[in-house]
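**Student:** Predicted model and sequence follow; I will ask about them next.
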Amino acid sequence: MLLNTVHGMRCAVSIEDLNIAVVGTGANGASLGADMIRAGLSVTYVDQWPAHVEAMRSDGLTVNFPDGTVERTEIDAYHLCQVAELRRPFDIVFVSVKTYDTRWAVELLKPLLHAESVVAGLQNGMTIDDVADIVGPERTVGAVLGIAANMFEPGVVNRQVSRADTWTTVGTYAGAPTPQLENVRAVLSTAAVTETSHDIRASKWMKLLANIPEMLPSAILGVPLLTAVHVPGVRETMDEASREAYALARDLGIAMVPIFGMTARDVQDSDQYALDLLDAVLKSYSLEDTRVAVLQDWDKKRHAELDAYNGYIVETRRKLGGSAPVNEAILQIANRIESGDLEPSLNNADLLVAARALAD
């Protein structure tokens, strides 16, 4: 790899020289990785779904765009069990697994990092701390995604936001710009409008504020997000969960910053901003059939990321000595679905509406 020195650190002369891995190639990871490959970058996929890996090896990855465009991309894909066969170190590892799989996924690729490699989590939730704990803060890059996609069969992604309307922001753990961060930004710019954040923890918190009212509530109802928000009384419950999360962020000293391409003018100095973030998701990242990630997991009979969303709010507030009753009630309903006591259904609407009363 051709290298030069910037601020005492090595960086690639061009992103075409970088060796990149995407670990966890579900709907988001696979489609973003395909954009990188189509831009001429060297990208290796690692995934835990055998049928998906085999489909990509034999037929490539098919990405269906909302305008009817269909793209097929040849993929260099590996099963988890084949990571030990890889020899060339990676300069950037994008992690796009479920939040609860973050630690083992990073540990799996750690032997394939060199001293100046970075690991960037293309995930919701606050996984930057897990990554930093394993590879060190200096090798940790956080990211926030504005994208919607689904995958119902191996090797096929349905991307519900155009490439031009997909948005990301990235930042280092410490907040300082680095050559590696610029490489990550440039690589992701092949797939999305990509910005940099000087406070990636705050940026990720803003995405969490957007996720809190959408992920579990709409999944509990078993319907697309745009359907869920119009069920009588449900939006009010969503908004109360958002307000609890906003209050927690304030108590933690989290700065309110713009995401999704917003500007500082769009950031209201009140919990209305949390509600505005959900409106942004509804307007820019939702189609009539968009099903949130939690519901997609339940559709596939998989464990969902409850602890990354409302569960994170409940636990973090508890550590501060308080409670988040609306988020806790939503979490309890979701846990009943996880245990098999309930099914995702509009029949659960009354339970969600009742949760709203706990805020009074």
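**Tutor:** Cool, got the structure.
**Student:** got the buried residues for stretch 94-110?
**Tutor:** The neighbour-count criterion (16 or more other Cβ atoms under 10 Å) identifies 94-102, 105-106, 108-109 as the buried residues of stretch 94-110. C-betas here are computed from N, CA, C, even on glycine.
**Student:** so where do the strands sit in this protein?
**Tutor:** Per DSSP state E, the chain has strands spanning 3-6, 9-12, 19-23, 42-47, 61-64, 70-73, 76-79, 90-95, 113-121, 140-146, 149-153, 156-159, 167-172, 193-196. These are given in chain order.
**Student:** export those to CSV and tack on mean pLDDT and distance to residue 185?
**Tutor:** Supplementary listing: those in CSV, determined by pLDDT from 0 to 100; distance: least, Cβ to Cβ, whole Å:
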stretch, mean pLDDT, distance to residue 185
strand 3-6, 42, 14
strand 9-12, 47, 12
strand 19-23, 98, 13
strand 42-47, 98, 16
strand 61-64, 98, 22
strand 70-73, 98, 22
strand 76-79, 98, 23
strand 90-95, 98, 11
strand 113-121, 97, 10
strand 140-146, 97, 9
strand 149-153, 94, 21
strand 156-159, 97, 21
strand 167-172, 97, 6
strand 193-196, 97, 5
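**Student:** how about TSV for those strands, with distance to residue 307 added?
**Tutor:** Below are the strands of the chain laid out as TSV (distance: least, Cβ to Cβ, whole Å):
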stretch	distance to residue 307
strand 3-6	39
strand 9-12	35
strand 19-23	20
strand 42-47	22
strand 61-64	30
strand 70-73	33
strand 76-79	27
strand 90-95	17
strand 113-121	16
strand 140-146	18
strand 149-153	22
strand 156-159	26
strand 167-172	23
strand 193-196	28
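**Student:** quick one: which of those strands is nearest residue 230?
**Tutor:** Taking Cβ to Cβ as the criterion, residue 230 comes closest to strand 149-153 out of these, the separation being 20.6 Å.
**Student:** any idea which of the buried residues of stretch 94-110 is the one closest to residue 346?
**Tutor:** Distance ranking of the buried residues of stretch 94-110 against residue 346, using Cβ to Cβ, places residue 98 first at 25.9 Å.
**Student:** How is this protein divided into domains?
**Tutor:** Domain ranges of the chain: 3-198, 205-359, per automatic domain parsing.
**Student:** Now do the shortest one: distance to the chain's middle.
**Tutor:** A distance of 14 Å separates the centroid of the chain from that of domain 205-359, by Cα atoms, centre = their mean, to the nearest Å.
**Student:** same deal with stretch 121-135?
**Tutor:** 11 Å.
**Student:** Now the residue nearest the centre of the chain. Nearest residue, chain neighbours left out?
**Tutor:** The chain has residue 123 as the residue nearest its centroid, 2.8 Å off, counting by Cα atoms, centre = their mean. Spatially, and ignoring its direct neighbours in sequence, residue 123 is nearest to residue 99 (5.8 Å; Cβ to Cβ, 6 or more residues apart in numbering).
**Student:** I'd assumed residue 305 was in contact with the one you found.
**Tutor:** Yes - taking Cβ atoms under 8 Å as the definition, residue 99 is a contact partner of residue 305 at 4.9 Å.
**Student:** farthest pair in the buried residues of stretch 94-110?
**Tutor:** Of all pairs drawn from these, the greatest distance, 17.8 Å, lies between 94 and 100 (Cβ to Cβ).
**Student:** Select the longest helix from the protein.
**Tutor:** Using DSSP state H to define each element, the chain has its longest helix at helix 234-251.
**Student:** for that one, packing partners?
**Tutor:** helix 200-211, helix 215-221, helix 272-284, helix 310-319, helix 325-339, helix 349-356 (3 or more Cβ pairs under 8 Å, 6 or more residues apart in numbering; DSSP states H and E).
**Student:** Only alpha carbons, please: show the fifth one as CSV.
**Tutor:** So that's helix 325-339. Taking only C-alpha atoms (Å, rounded to 0.1, in the frame of the first residue of the first chain), the coordinates of helix 325-339 have been written out as CSV:
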residue,chain,number,x,y,z
PRO,A,325,-41.7,4.6,32.9
VAL,A,326,-43.0,4.9,29.4
ASN,A,327,-39.8,3.4,27.9
GLU,A,328,-39.9,0.7,30.5
ALA,A,329,-43.5,-0.2,29.7
ILE,A,330,-42.7,-0.4,26.0
LEU,A,331,-39.7,-2.6,26.8
GLN,A,332,-41.9,-4.9,28.8
ILE,A,333,-44.3,-5.4,25.9
ALA,A,334,-41.4,-6.1,23.6
ASN,A,335,-39.9,-8.6,26.0
ARG,A,336,-43.3,-10.4,26.1
ILE,A,337,-43.0,-10.8,22.3
GLU,A,338,-39.4,-12.0,22.6
SER,A,339,-40.5,-14.7,25.1
